[in-house]
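J.: dropping a prediction and its sequence here:
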Amino acid sequence: MAANYKALTEDTAMEYVKKNLDIFSEEAVLRCKEIGDGNLNLVFRVWEEISSKSIILKQALPYARIVGEAMPVTLDRARIESEALMLQGELCPALTPKVYRFDRDLYLTVMEDLSDHIILRKGLIEGKEYPNFAENIGEFMAYTLFFTSDLGMDQVRKKQLQKKFINPELCKITEDLVFSEPYFDAAGNKIEPHLLDRVEENWKNKDLIKEVAILKEGFMTKAQALIHGDLHTGSIFVTEKSTKVIDPEFAFYGPMGFDIGAIIGNFILNYAAQPAYMEKDQQKLQHYRSYLLESIRKIWQEFYKEFIELWEIHVKAPIESSNLYKEVYMRNLFEDTLGYAGCKMIRRIYGLAGVADIDNIKELVKRSRAQMLALDIGEMLILKRREIKDIDEVIEKIKSFD
Ligand SMILES: Nc1ncnc2c1ncn2[C@@H]1O[C@H](COP(=O)(O)OP(=O)(O)O)[C@@H](O)[C@H]1O
Ligand SMILES: CSC[C@H]1O[C@H](OP(=O)(O)O)[C@H](O)[C@@H]1O
């Protein structure tokens, strides 16, 4: 740990802003609130009432906030996050918060305050619709993944970037929490008693475990692009018109399908949860679930369209211009996307870190229905990913569980 590192408090965060940033005037009366609700870090909002100017300070703790000091986690994740935000900002300026400074002593990123946006997960739980989201996130993924892959950048530079974004400790968290612990009786799992029989089925399911092991191997070895690494609906801020992707501290060179699968898997988690929230209005429920499924279809289609466009414009080498190669590449990416979506769903039902869409359902019977549905869809995506023809078939298969 850097000698000068100290976790900030609301008071010291304000002092830091006054001393180090020239955003506010010297006489400004500042206020500060710690607003972090994630599993890992501190997030301070500092603002001045009269000018309505504000700023966000995000600081890594030397451990995971959700567990405490018993789970040490490298502070270097703050560097990875700020550097990934800056790179994503170059590729997709409209879809990324502005980073003003990274403090290497305090592992602190100073960035744009997005409080006029809402975390997408919250919006979806409230049943809101975001007409531009699928297009925006499709573009974000196409640009960030294409231009950091061997297709979209110089191959020597790519390897240098890979070195900069080696992120072993955070990858190990994902390897454990997403791909390993849900498949045995790990101490960190949070298994509600009514789920135990269903969870034990997973532990005994040899096919499922084999397929998850294959996906885990891909996560650990397929250095395809600089992926966000944790692209769930809690890592995205939205308004009706705008989308901003935050929190890339898990970024590393990994399989592209892990990002696309994360977003699709989290939309399906919301789909599984919605009957509990909208039970009293079946028409509204049907409408909203169609919206969620349409979003999934559009997210994949927009990503696909943008990615292929970039490929056609930027790739001139004869080998990588092969149309047959493109087909195989996109098919593999589709299968990875489905497999990782399934893994990301299952881990959220009984692994260490839950998901608000489902955890917020107070009534046990309704929560259990949502959990079982998510487990069944997750398992189907992992096991059937090679047989599923296209995104339309994914939607049909999800619907068939009702
Ligand atoms: N740039 C920002 N503007 C406004 N609020 C933010 C910003 N970044 C994070 N937050 C708030 O802090 C919360 C936690 O941030 P996040 O980056 O997800 O932390 P963690 O890495 O701990 O998961 C978010 O859910 C959001 O409410
Ligand atoms: C002990 S970290 C658990 C979990 O938290 C991260 O997500 P977030 O902080 O965005 O909620 C990541 O998904 C990790 O797997």
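T.: Yep, it's here. Numbering: from 1, shown residues only. Ligands and ions are numbered 1, 2, ... in the order given.
J.: show me which residues of the stretch 101-250 of the chain sit near ligand 2.
T.: Contacts of the stretch 101-250 of the chain with ligand 2, taken as Cβ under 6 Å from any ligand atom, map to 173, 174, 177, 230, 234, 235, 247. C-betas here are computed from N, CA, C, even on glycine.
J.: could you redo the last one with a cut-off of 8 Å?
T.: 173, 174, 177, 178, 230, 232, 234, 235, 247, 249, 250 (Cβ under 8 Å from any ligand atom).
J.: what's the neighbour count on the residue in the chain positioned nearest to ligand 1?
T.: Scanning the chain for proximity to ligand 1 using Cβ to the nearest ligand atom identifies residue 38 as nearest, at 1.9 Å. Residue 38 has 19 neighbours, counted by other Cβ atoms under 10 Å.
J.: just the pLDDT for it.
T.: Looking at residue 38, its pLDDT stands at 90.
J.: residues in contact with it?
T.: Contacts of residue 38 were listed using Cβ atoms under 8 Å, 6 or more residues apart in numbering, and they are 65, 234, 247.
J.: and which of those residues is nearest to residue 52?
T.: Taking Cβ to Cβ as the measure, residue 52 lies nearest residue 247 of those, at 24.7 Å.
J.: which regions of the stretch 301-402 of the chain sit below the pLDDT cut-off?
T.: Along the stretch 301-402 of the chain, no part satisfies pLDDT under 70.
J.: enumerate the residues of it near ligand 2.
T.: So the stretch 301-402 of the chain meets ligand 2 at 347, 352, 353 (Cβ under 8 Å from any ligand atom).
J.: turn the residues you listed into CSV, including secondary structure.
T.: What follows is these, written out as CSV (DSSP: H, G, I helix; E, B strand; the rest coil):
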residue, secondary structure
347, helix
352, coil
353, coil
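J.: please check those and keep the buried ones.
T.: Buried subset of these (neighbour count, 16 or more other Cβ atoms under 10 Å): 347, 352, 353.
J.: unless I'm mixing things up, the first one is touching residue 177, no?
T.: Spelled out, it's residue 347. Yes. At 5.9 Å, residue 347 counts as touching residue 177 under the criterion of Cβ atoms under 8 Å.
J.: and for those two, which residues touch both?
T.: residue 353.
J.: point to the residue nearest the middle of the chain.
T.: Among the residues of the chain, the one closest to the centroid is residue 231, at 1.6 Å (Cα atoms, centre = their mean).
J.: how about it, phi and psi?
T.: Reported as degrees, to the nearest 10, the phi and psi values for residue 231 are phi -80, psi 60.
J.: give me every residue that touches residue 381.
T.: Under the criterion of Cβ under 8 Å, 6+ apart, the neighbours of residue 381 are 265, 338, 339, 341, 342, 345, 394.
J.: could you say which helix or strand contains it?
T.: Element membership for residue 381 (DSSP states H and E) is helix 364-384.
J.: which other helices and strands does the next helix or strand after that helix contact?
T.: Later in the chain than helix 364-384, the nearest helix or strand by DSSP H and E is helix 391-399. Counting by 3 or more Cβ pairs under 8 Å, 6 or more residues apart in numbering; DSSP states H and E, the packing neighbours recorded for helix 391-399 are helix 282-314, helix 364-384.
J.: what residue ranges in the stretch 1-150 of the chain score low on pLDDT?
T.: 1.
J.: what segments of it are helices?
T.: Assigned helices in the stretch 1-150 of the chain, in chain order: 10-20, 77-91, 120-125, 133-146 (criterion: DSSP state H, counting those that start in this stretch).
J.: export the second one to CSV, keeping only CA atoms.
T.: Output of helix 77-91 as CSV, limited to C-alpha atoms (Å, rounded to 0.1, in the frame of the first residue of the first chain):
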residue,chain,number,x,y,z
ARG,A,77,-7.9,-1.7,-9.2
ALA,A,78,-8.4,2.1,-9.0
ARG,A,79,-5.6,2.7,-11.5
ILE,A,80,-7.1,0.1,-13.8
GLU,A,81,-10.5,1.7,-13.5
SER,A,82,-9.3,5.3,-14.2
GLU,A,83,-7.1,4.2,-17.1
ALA,A,84,-9.9,2.1,-18.6
LEU,A,85,-12.4,5.0,-18.2
MET,A,86,-10.0,7.3,-20.0
LEU,A,87,-9.5,4.8,-22.9
GLN,A,88,-13.2,4.1,-23.2
GLY,A,89,-13.7,7.9,-23.1
GLU,A,90,-11.4,8.3,-26.1
LEU,A,91,-13.4,5.7,-28.0
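J.: follow-up on the earlier one: would you mind giving the helices of the stretch 1-150 of the chain as CSV with distance to residue 274 added?
T.: Formatted as CSV, those follow (distance: least, Cβ to Cβ, whole Å):
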stretch, distance to residue 274
helix 10-20, 36
helix 77-91, 30
helix 120-125, 9
helix 133-146, 17
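J.: give me whichever of these is most buried.
T.: Per residue and on average, the most neighbours among these fall to helix 133-146, with a mean of 24 (mean count of other Cβ atoms under 10 Å).
J.: hmm, it touching ligand 1?
T.: No. Applying Cβ under 8 Å from any ligand atom, one finds helix 133-146 separated from ligand 1 by no less than 15.7 Å.
J.: so how far is that helix from its chain's centroid?
T.: 13 Å (Cα atoms, centre = their mean, to the nearest Å).
J.: that helix versus helix 77-91: what angle between them?
T.: Helix 133-146 and helix 77-91 are oriented at 110 degrees to each other (axes from the mean of the first three to the mean of the last three Cα atoms, to 10 degrees).
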